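[1] predicted model and sequence follow; I will ask about them next.
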Amino acid sequence: MVLLPLACFSASAAETQRFTWPNGEKLAVSLSYDDALNSHLDNVLPALNKHHFKGSFYVISTSSVLAQRKSEWQAAVKQGHELGNHSMQHPCRASLPNRGWVKVEQDLDHYSVTQMIDELSAANTFLNAIDGKTERTYTVPCGDLLVGSALRLDDDSTGGQEYLNKVNHLFTAIKGHGADTRFNPIIYLTGETGKALIAYINNTSTDTLLINLVFHGVGGDYLSVSSKAHAELLAYLAANRDKYYVDSYLNLMNYAAAQQ
């Protein structure tokens, strides 16, 4: 598990008390699935649909699974699930530790801000051709925020340029990077048990309004959580609908914006 560090948010007690989700719930849960994997179609969608939960699938537009199983992704959208932007090439910084898997053509250290804007714009256009939607949210590949970085492992110079402020206009929201950090906590999951997944929900700070659980593989593929653990989490959320509100990230952020 990786928990994204957050800046401190000093919401007043009155603000925290005033905001609730549609049925009075104090905490929302966004269930997100990155990279457009076979296990999302095979294992995740049936599990979500069983409990009438809506998930967010952040797809890489060049994914072979997206192309080969296009009709199944389109069916998922008709069921109310979200297709989110996760870029065309999944660019990440090869200069960081344990990044030997990053290919030359997807090395964010050699991107320009303009190139990133163009790639994300193209991904939005590609996704629109699949689902007909014009509203889109974005999850940052690898959590990397700098493009064109000159980072060296023996140097503490970061170089590069942050790009999110240049692409905000393309999206309704960017996961984990909103102005109100009560909606930003992200947990990247890497093989937890169902008990551990439920504990993350139960141990969420009372100031938090939305917790983002980000999965990759579920019952297969890579960085995988077991189907059993995933099912235990969904069963817990279903049994506690009076406490936790589950919806797609797009729907959650649109609702939050309307309340504020």
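    Cool, the structure landed. Numbering: from 1, shown residues only.
[2] from here on, contacts and neighbour counts on C-alpha atoms
    Will do.
[3] what's the neighbour count on Thr172?
    Residues near Thr172, counting by other CA atoms under 10 Å, number 18.
[4] would you check that it makes contact with Glu135?
    Yes - the criterion here is CA atoms under 8 Å, and Thr172 meets it with Glu135 at 6.3 Å.
[5] so for Pro5, what's the pLDDT?
    pLDDT for Pro5: 35.
[6] equivalent analysis for Ala199, please.
    Per-residue pLDDT puts Ala199 at 98.
[7] remind me which helix or strand it belongs to.
    Take DSSP states H and E as the rule and Ala199 turns out to sit in helix 194-202.
[8] what about the residue nearest to Arg93 when sequence neighbours are not counted, neighbour count?
    Spatial nearest neighbour of Arg93, excluding adjacent residues (CA to CA, 6 or more residues apart in numbering): Leu108 at 4.7 Å. Using other CA under 10 Å, Leu108 has 27 other residues around it.
[9] what's the answer for Phe171, then?
    Burial of Phe171 is recorded as 18 neighbouring residues (other CA under 10 Å).
[10] hang on, it packs against Glu135?
    Yes - the criterion here is CA under 8 Å, and Phe171 meets it with Glu135 at 6.8 Å.
[11] quick one: end-to-end length of stretch 60-74, please.
    15 Å (CA to CA, to the nearest Å).
[12] okay, buried residues for it please.
    Going by neighbour count (16 or more other CA atoms under 10 Å), the buried part of stretch 60-74 is 60-62, 65-66, 73-74.
[13] low-confidence regions, this protein specifically.
    Scanning the chain with the threshold set as pLDDT under 70 gives 1-17, 150-158.
[14] repeat that with 50
    For the chain, the stretches with pLDDT under 50 are 1-14, 16, 151-157.
[15] put the alpha carbons of the longest helix along it into CSV.
    Criterion DSSP state H: the longest helix present in the chain is helix 113-131. Provided in CSV are the C-alpha atoms of helix 113-131 (Å, rounded to 0.1, in the frame of the first residue of the first chain):
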residue,chain,number,x,y,z
VAL,A,113,4.6,20.4,-21.1
THR,A,114,3.2,20.9,-24.6
GLN,A,115,3.7,17.3,-25.4
MET,A,116,1.8,16.3,-22.2
ILE,A,117,-1.0,18.6,-23.0
ASP,A,118,-1.3,17.2,-26.5
GLU,A,119,-1.2,13.6,-25.2
LEU,A,120,-3.9,14.1,-22.6
SER,A,121,-6.1,16.0,-25.1
ALA,A,122,-5.7,13.2,-27.6
ALA,A,123,-6.7,10.7,-24.9
ASN,A,124,-9.8,12.6,-24.2
THR,A,125,-10.7,12.6,-27.9
PHE,A,126,-10.1,8.9,-28.1
LEU,A,127,-12.3,8.2,-25.1
ASN,A,128,-15.0,10.3,-26.4
ALA,A,129,-15.1,8.1,-29.5
ILE,A,130,-15.6,5.1,-27.2
ASP,A,131,-18.2,6.4,-24.7
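[16] which residues are in contact with that helix?
    61, 70, 74, 77, 83, 85-88, 133-134, 136, 147-148, 161, 163, 166-167, 170 (CA atoms under 8 Å, 6 or more residues apart in numbering).
[17] how far is stretch 187-201 from where the chain is centred?
    Offset of stretch 187-201 from its chain centre (CA atoms, centre = their mean, to the nearest Å): 15 Å.
[18] okay, that stretch in CSV with CA atoms only?
    Written as CSV, here are the backbone C-alpha positions of stretch 187-201 (Å, rounded to 0.1, in the frame of the first residue of the first chain):
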residue,chain,number,x,y,z
ILE,A,187,-4.4,4.8,-1.2
TYR,A,188,-2.6,2.7,-4.0
LEU,A,189,-3.3,-0.9,-3.2
THR,A,190,-0.8,-3.7,-3.7
GLY,A,191,-2.1,-7.0,-2.4
GLU,A,192,-3.9,-6.2,0.8
THR,A,193,-6.4,-8.6,2.4
GLY,A,194,-10.1,-7.7,2.7
LYS,A,195,-9.6,-7.0,6.4
ALA,A,196,-6.8,-4.5,5.6
LEU,A,197,-9.0,-2.8,2.9
ILE,A,198,-11.8,-2.4,5.4
ALA,A,199,-9.4,-1.1,8.0
TYR,A,200,-8.4,1.7,5.6
ILE,A,201,-12.0,2.8,5.4
